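Trainee: quick one: sequence and predicted model below, then my questions.
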Amino acid sequence: MKHFITLNDLPNFHKTVDLAKSLKENPYSQEALGKRKTLGLLFFNPSLRTRLSTQKAAQLLGFSTIVMNFSNEAWALEFEDGTQMRGIRSEHIKEAAAVVSQYCDMVAIRAFASLVNKENDEAEIVLKRFAKYAKIPVINMESATGHPLQALADALTLKEHKTKYRPKVVLTWAPHPKALPHAVANSFSKMMSFQEADYFISNPEGYDLDKRITKNIPVIHNQSEALQNADFVYAKNWCSYERYGQILRTDNEWIITKEKMSLTKNAKFMHCLPIRRNIVASDDVLDNSNSLVIEQANNRTFAAQAVLKILLDHA
Amino acid sequence: MKHFITLNDLPNFHKTVDLAKSLKENPYSQEALGKRKTLGLLFFNPSLRTRLSTQKAAQLLGFSTIVMNFSNEAWALEFEDGTQMRGIRSEHIKEAAAVVSQYCDMVAIRAFASLVNKENDEAEIVLKRFAKYAKIPVINMESATGHPLQALADALTLKEHKTKYRPKVVLTWAPHPKALPHAVANSFSKMMSFQEADYFISNPEGYDLDKRITKNIPVIHNQSEALQNADFVYAKNWCSYERYGQILRTDNEWIITKEKMSLTKNAKFMHCLPIRRNIVASDDVLDNSNSLVIEQANNRTFAAQAVLKILLDHA
Amino acid sequence: MKHFITLNDLPNFHKTVDLAKSLKENPYSQEALGKRKTLGLLFFNPSLRTRLSTQKAAQLLGFSTIVMNFSNEAWALEFEDGTQMRGIRSEHIKEAAAVVSQYCDMVAIRAFASLVNKENDEAEIVLKRFAKYAKIPVINMESATGHPLQALADALTLKEHKTKYRPKVVLTWAPHPKALPHAVANSFSKMMSFQEADYFISNPEGYDLDKRITKNIPVIHNQSEALQNADFVYAKNWCSYERYGQILRTDNEWIITKEKMSLTKNAKFMHCLPIRRNIVASDDVLDNSNSLVIEQANNRTFAAQAVLKILLDHA
């Protein structure tokens, strides 16, 4: 594995989940592995779980870490080739990626979707240009179209909590006052393609995800029908993909409540966090013992640790 | 000790000051104690001394540290229960505290008073909700109503510099162009209740602190009278408590000058810093060898180190 | 060496470059030297290379590091003596420098020129006041008038790439949409005074640097003439020194292009970064194998490591 941009970069998905699980059982077992190595963490967007869990994962492996908030600590970056850099962007990604490669042994990057320019978002300009010009492994800490570290943590959470060989898993859209990216839903769906499961996506009309990613996953536009007999309910908002970046509904009909959870087979509830309470899901769902959201966040550490270890092993 | 929110949480105040003193004499004596432990430092407000001294204290004990500025690096937090999170706050304290507990072994938090809503400030919503939902020890790096790490450093400074069994100590209000919180004055007063001392508070009419905290401490509204024969003068501004958050006086009558210090028994001068020169106290007071302000700041490291060590010992 | 404010502070320039070179060959050779030491890095301005390379250098020597962005994390500082601090500046440099000295063993500071007040800039108020009131070594990470860590890295780069005893080196002004400081040009010129080289500065009329720094270095106002037979071309923009802070030309005549490089003796191209592509220099110059800009950035680590080591050795 040269970079970790998507789940497809992993040499072996299931072995990676197993590795994360074994690191969780013994997190300091590899604490000398990253000695004399530096992980740079570059943030173009806010972060709580990703910021803390990725640092923690690196420290568990003995890495030094250097954190930078690009938005206010460094120079605005230009990603386009051939432009006359006359505007506010004072450094080109070519130089930035090359110099970061000299101070760090790996670099992890968070760069959200703009939700304005679909083509640019889908080109994953920030992450892919970094990967192109960096001489070190680049790790995706959520990019415009994917959040593979979250999906890997979710895979570990599913593994720990599933009680049957082939559970029913439902990813359901939920309301939100802001337009949110598709990254988590995309990566979760891709991750589910590695799983033995009956996997469904449920969302209102107009909110179908990119078909190139969801492929033949059944999409059910009736939420109650989708939730029937589910073993896992993963709630997440995203804005419209078709009418890119738009919010098509502002009602609260799709909120996950205790009543809706009663349609399921006593399903576990999942969400990547942060979650807006009583908008995406009600307090009684989040405060219920069936909620796995805190454990999902916990597993972020071991997902990141597994990815860092694999990159070290391949270095 | 489960959390360190106020001085009352300490199992033994005097032993804590003694511990701080012995750590100051041999700061690396416990450098293996925090090995494999991570201290998270979360800032909702600016910080110089607290930021540096708490990190330094943690590093002296062998901790890894992770620093976050919540205001611009993470998600705006909701602290109220049961609200529909439709506004700018995208993460609830319940989740934030729970997930931070998974990446860190302890968490230190700075969250100033709003000085707008007295009830909310007195409820110490940020710190107490963190403590409620965290599964790890929470350390107060200055909250709405208290600054116990400062008071502990001040106690060590008093111990080092007092030359008689029962010194006269005066906390005097001083002018300031901005409305400042009561936290330092509150915690200093509480700390003085553990001391053998003649302790007085001096402030203008309308600036009396919360009586539930100052209890029977004599309050003298004539500054010159209060300063007579003092051995220690602690200057600090705070806004009106009664007319909550207001500035009642803009004159400079209460500034601490060399002339006023001459009323004392060659008193030592104390202030928690930052201090506005020639507003709170004049240059000749601050640059005088009787000023302890730099040593107070130095002692912040060992106060924090003592608190971290006690929390580790109780873990 | 007490502080590292300018290249003149180095006990021996050439031995320092040699030390940087040997550290580059074996960067972990001194990894115990900074054990139990803390380097504070204080930023008043944006930074990428300096931020990362100085942290990296410190970590290579075993230092703990604490990074602070003064602009948004701490209190606004007052640098003038005797003022009544009634405005937005709530902490005086006297206190700030003294307290930082207690938490750190060394402090590195970045504080750019204002380009508004020439006298204040030339007085190097931020850095010199820090050095005056600090009790620990102060390291210049680019000040109003100098950037000696960059110049030291440039010296190492020249040493590695020169193929003759006395190369021709040309520092040429280049266009830029913003008014930039003279720090890099000043320090590069000072550094060249230690070199065996034919050194020329080329800039448009009105852009001559401070004569007290450039002294008898020949200034050629015709760029093409200056570039003839050059072995090294160092491009850099700066604003007018004479009409302080002003931009006198907005044309692109002085951009470094492949055509202009063809006037040279197959010269190596240098720039301190960040560089605005196709404004300061064209893509074909930067992407050419003769460009040393990435290696210059790499050498920043070893320049900083050498300076830190010398300060440790003198402590």
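Mentor: Looks like it came in fine.

Trainee: I'd like to know which elements the lowest-mean-pLDDT helix or strand in chain A is packed against.
Mentor: Every helix and strand of chain A was ranked by mean pLDDT, DSSP states H and E. The lowest is helix A:70-73, at a mean of 80. Identification of packing neighbours for helix A:70-73 by 3 or more Cβ pairs under 8 Å, 6 or more residues apart in numbering or on different chains; DSSP states H and E yields strand A:38-43. In short, each C-beta sits where N, CA and C put it, glycine included.

Trainee: for stretch A:246-263, list every residue counted as buried.
Mentor: By neighbour count on 16 or more other Cβ atoms under 10 Å in any protein chain shown, the buried set for stretch A:246-263 is A:247, A:254-256, A:260-261, A:263.

Trainee: closest to chain C among those residues?
Mentor: Nearest to chain C among those, counting by Cβ to the nearest Cβ, is residue A:247 at 31.4 Å.

Trainee: any idea how far residue B:95 is from the closest residue to the closest one other than its chain neighbours?
Mentor: Nearest residue to residue A:247 in three dimensions, chain neighbours excluded: residue A:179, at 5.4 Å (Cβ to Cβ, 6 or more residues apart in numbering or on different chains). Going from residue A:179 to residue B:95 by Cβ to Cβ, to the nearest Å gives 21 Å.

Trainee: residue A:4 too?
Mentor: In this structure, residue A:4 and residue B:95 are 26 Å apart, going by Cβ to Cβ.

Trainee: more neighbours, residue A:179 and residue B:95?
Mentor: residue B:95 (25 against 16; other Cβ atoms under 10 Å in any protein chain shown).

Trainee: residue A:107: what secondary structure?
Mentor: Residue A:107 carries the three-state label strand when classified by DSSP: H, G, I helix; E, B strand; the rest coil.

Trainee: touching, it and residue A:40? I think so.
Mentor: Yes. Using Cβ atoms under 8 Å, residue A:107 is in contact with residue A:40, at 4.4 Å.

Trainee: quick check: the nearest residue to residue A:214 once chain neighbours are set aside vs chain B, distance?
Mentor: Distances taken as Cβ to Cβ, 6+ apart put residue A:189 closest to residue A:214, at 5.4 Å, once the chain neighbours are dropped. Between residue A:189 and chain B the distance is 23 Å, computed by Cβ to the nearest Cβ, to the nearest Å.

Trainee: got the residues of chain A near chain C?
Mentor: Selection of chain A residues close to chain C by Cβ under 8 Å from any Cβ of the partner chain yields A:36, A:38, A:40, A:64, A:66, A:68, A:72-75, A:78, A:81-87, A:90-92, A:94-96, A:98-100, A:102-104.

Trainee: tell me which of the residues you listed fall in helices.
Mentor: If you go by DSSP state H, the residues of chain A next to chain C have A:72-73, A:94-96, A:98-100, A:102-103 in helices.

Trainee: select only the buried ones of those in PyMOL?
Mentor: The buried residues among those can be selected in PyMOL (16+ other Cβ under 10 Å) with this line:
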select buried, chain A and resi 73+94+95+96+98+99+100+102+103
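
Trainee: report the lowest-confidence entry in the ones in helices among the residues of chain A next to chain C.
Mentor: Lowest pLDDT within these is found at residue A:72 (79).

Trainee: show me the contacts for it.
Mentor: B:72, C:46, C:69, C:72 (Cβ atoms under 8 Å, 6 or more residues apart in numbering or on different chains).

Trainee: at 10 Å instead, please
Mentor: Going by Cβ atoms under 10 Å, 6 or more residues apart in numbering or on different chains, residue A:72 touches B:69, B:72-73, C:46, C:69, C:71-72.

Trainee: with residue A:302 instead?
Mentor: Contacts for residue A:302 (Cβ under 10 Å, 6+ apart) come out as A:17, A:19-25, A:27, A:53, A:56-57, A:60, A:152-153, A:156.

Trainee: nearest spatial neighbour of the residue in the stretch 101-250 of chain A that chain B sits nearest to, skipping sequence neighbours?
Mentor: Nearest residue of the stretch 101-250 of chain A to chain B: residue A:177, at 5.2 Å (Cβ to the nearest Cβ). Nearest non-adjacent residue to residue A:177, counting by Cβ to Cβ, 6+ apart: residue B:86, 5.2 Å away.

Trainee: same check on residue A:276?
Mentor: residue B:85 (3.7 Å).

Trainee: re the thing from before, can you redo the buried residues of stretch A:246-263 as TSV with pLDDT?
Mentor: Formatted as TSV, these follow (pLDDT from 0 to 100):
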residue	pLDDT
A:247	98
A:254	98
A:255	98
A:256	98
A:260	98
A:261	98
A:263	98
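
Trainee: among the residues you listed, which one sits closest to residue B:275?
Mentor: The shortest approach to residue B:275 among those belongs to residue A:247, at 49.6 Å (Cβ to Cβ).

Trainee: would you agree the closest one is in contact with residue A:204?
Mentor: No. Between residue A:247 and residue A:204 there is no contact under Cβ atoms under 10 Å: 11.1 Å.

Trainee: intersection of neighbour lists for the two?
Mentor: In contact with both residue A:247 and residue A:204: A:175, A:240, using Cβ under 10 Å, 6+ apart.

Trainee: and the residue nearest to residue A:47 when sequence neighbours are not counted, how far from residue B:124?
Mentor: Nearest residue to residue A:47 in three dimensions, chain neighbours excluded: residue A:110, at 5.7 Å (Cβ to Cβ, 6+ apart). Per Cβ to Cβ, residue A:110 is found 32 Å from residue B:124.

Trainee: more neighbours, these two?
Mentor: Using other Cβ under 10 Å as the criterion, residue A:110 and residue B:124 rank with residue A:110 on top: 24 against 20.

Trainee: wait, doesn't the more buried one sit right on residue A:40?
Mentor: No. In this structure, residue A:110 is not within contact of residue A:40 by Cβ under 10 Å, at 11.9 Å.

Trainee: so what sits against both of those two?
Mentor: Going by Cβ under 10 Å, 6+ apart, residues that sit against residue A:110 and also against residue A:40 are residue A:139.
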